[in-house]
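J.: Pasting the sequence and the predicted model now:
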Amino acid sequence: MTLSGRHGTQHEITVAAAAGSVYRLLADVRQWPHVFPPTVHVDRLEGDERTERIRIWATANGVVKNWISRRDLFPEELRIAFRQEVSAAPIASMGGEWIIGTTGDGQSRVRLVHDYEAVSPEEVAWIEETVDRNSRAELEALRTHLEAARAGEELAFSFEDTVEVDGGAQDVYDFIDRADLWPERLPHVAKVKLVREPDGVQTLEMDTRAHGATHTTKSYRVPLPNHCLAYKQVTLPSLLSVHTGCWTVAPRDGGVTVSSQHTVVLDAGNIAPVLGEDAAVSDARKHVQDALSGNSRVTLEHAKQYAEARRR
């Protein structure tokens with residue numbers, strides 16, 4: 001392998017939030033898919049309050065890459081160091097730091113530092129462009145999320161729908177995994193394009209019917225152990241700025257419990273144009289949950305029927 005030499009970048013932003021709040025958000029990788037646009041899913045493999053190993057799936061110039069990183073956390077210094085253990089080509093190695101400082105006026109200064117090597121000199125420009133795009137997107141999303149939270153806007157929320165199935169876990173999971181068959185299996189799905197990558201990651205483009213109209217969405221789906229399928233929607237309806245979720249199939253006595261979990265963040269600027277000038281955040285929350293839960297329940301019920309018929 002020919003390396004191209006070490007390169008470095010630095011990005012920073014000012015956030016109207018306490019430094020401790022910034023640190024806590026960055027330290028909790030479970031929140032990253034809900035905050036950072038490039039992050040599709042994060043799996044915490046092991047760790048404690050000081051060090052951890054995580055696997056990250058994130059987009060890089062429109063392609064989902066995944067890698068394993070070690071993170072060292074320094075809460076007293078408001079600093080988090082990271083280093084990729086296994087990098088994804090064309091990156092040969094990468095690491096860096098999140099560094100948080102105070103400005104003295106109740107705001108925080110956040111710096112994101114990267115250093116990296118490319119597999120070949122020809123790949124340096126691609127990596128630099130990707131790091132620059134993702135770093136800017138992550139810092140801006142971090143600022144938006146924390147400032148909305150400080151303002152008390154209840155834009156982010158989670159909910160879950162669950163059914164009990166007297167069938168096999170693999171049959172239920174296969175129904176959810178085979179989204180390419182949904183147009184013939186689910187009444188609200190008009191068209192699907194499903195692409196599976198060699199590493200298992202799926203790109204799902206889907207047209208769904210609702211209230212006489214057809215809506216197109218695009219999601220990245222990540223298969224996980226124990227019959228779990230996590231996803232992040234990247235083409236969103238106008239009321240949402242974030243939508244992540246997970247399908248989970250858990251064995252129980254004689255059958256399985258199947259859950260569809262959603263975490264969403266509302267786009268506050270689109271509430272009035274979509275729902276009317278008098279609509280409040282609470283109205284938008286109900287509208288979104290009703291719509292997403294409605295589709296989830298239809299899918300869960302059809303998965304139940306499929307698996308129970310297979311058992312019979």
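T.: Perfect, thanks for sending it. Numbering: from 1, shown residues only.
J.: use CA for all of it now, contacts and neighbours both
T.: OK.
J.: what's across from the closest residue to residue 201 other than its chain neighbours in the sheet?
T.: Sequence neighbours aside, residue 222 is the residue nearest to residue 201 in space, at 5.0 Å (criterion: Cα to Cα, 6 or more residues apart in numbering). Per DSSP bridges, the residues bridged to residue 222 are residue 230.
J.: got the residue ranges for the strands in the stretch 101-250 of the chain?
T.: Listed in chain order, the strands found in the stretch 101-250 of the chain under DSSP state E, counting those that start in this stretch are 108-118, 156-165, 189-196, 202-210, 213-224, 228-235, 240-252.
J.: Report the residue ranges of every domain in this protein.
T.: Following automatic domain parsing, one finds the domains of the chain at 6-150, 156-311.
J.: Run a quick check on residue 236 versus residue 219, I expect a contact.
T.: No - taking Cα atoms under 8 Å as the contact criterion, residue 236 and residue 219 are not neighbours in contact, 9.0 Å apart.
J.: More neighbours: the two, which one.
T.: Using other Cα atoms under 10 Å, the more surrounded residue of residue 236 and residue 219 is residue 219, with 20 against 16.
J.: burial count for the residue nearest to residue 201?
T.: Applying other Cα under 10 Å, I find that residue 222 has 20 neighbouring residues.
J.: mind listing what it touches?
T.: Contacts for residue 222 were tallied using Cα atoms under 8 Å, 6 or more residues apart in numbering; they are 41, 200-202, 229-231.
J.: same deal with residue 309?
T.: Taking Cα under 8 Å, 6+ apart as the definition, residue 309 has no contacts.
J.: Give me the below-cutoff pLDDT ranges for the protein.
T.: In the predicted model of the chain, residues 1-4, 150-153 satisfy pLDDT under 70.
J.: who are the neighbours in contact with residue 60?
T.: Residue 60 is in contact with 38, 130, 134, counting by Cα under 8 Å, 6+ apart.
J.: Over to residue 27?
T.: By Cα under 8 Å, 6+ apart, the contact set of residue 27 is 73, 80.
J.: and it, what are its phi and psi?
T.: Its backbone dihedrals place residue 27 at phi -80, psi -20, with angles given as degrees, to the nearest 10.
J.: Output the strands of the stretch 101-250 of the chain as CSV; include the columns distance to residue 143.
T.: Putting the strands of the stretch 101-250 of the chain into CSV (distance: least, Cα to Cα, whole Å) gives the following:
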stretch, distance to residue 143
strand 108-118, 9
strand 156-165, 15
strand 189-196, 33
strand 202-210, 28
strand 213-224, 24
strand 228-235, 20
strand 240-252, 14
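J.: Tell me which of the ones you listed sits nearest to residue 147.
T.: Put simply, out of these the one that sits nearest residue 147 is strand 108-118, at 11.2 Å, with distance taken as Cα to Cα.
J.: C-alpha coordinates for the closest one, PDB please?
T.: Provided in PDB are the C-alpha atoms of strand 108-118 (Å, rounded to 0.1, in the frame of the first residue of the first chain):
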ATOM      1  CA  SER A 108     -19.100  27.900  23.100                       C
ATOM      2  CA  ARG A 109     -16.500  27.600  20.500                       C
ATOM      3  CA  VAL A 110     -16.300  24.100  18.900                       C
ATOM      4  CA  ARG A 111     -13.300  23.000  16.900                       C
ATOM      5  CA  LEU A 112     -13.200  19.800  14.800                       C
ATOM      6  CA  VAL A 113      -9.700  18.700  13.900                       C
ATOM      7  CA  HIS A 114      -8.800  15.900  11.500                       C
ATOM      8  CA  ASP A 115      -5.600  14.300  10.300                       C
ATOM      9  CA  TYR A 116      -5.500  11.700   7.700                       C
ATOM     10  CA  GLU A 117      -3.500   9.700   5.100                       C
ATOM     11  CA  ALA A 118      -4.900   8.500   1.700                       C
END
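J.: No more questions from me, cheers.
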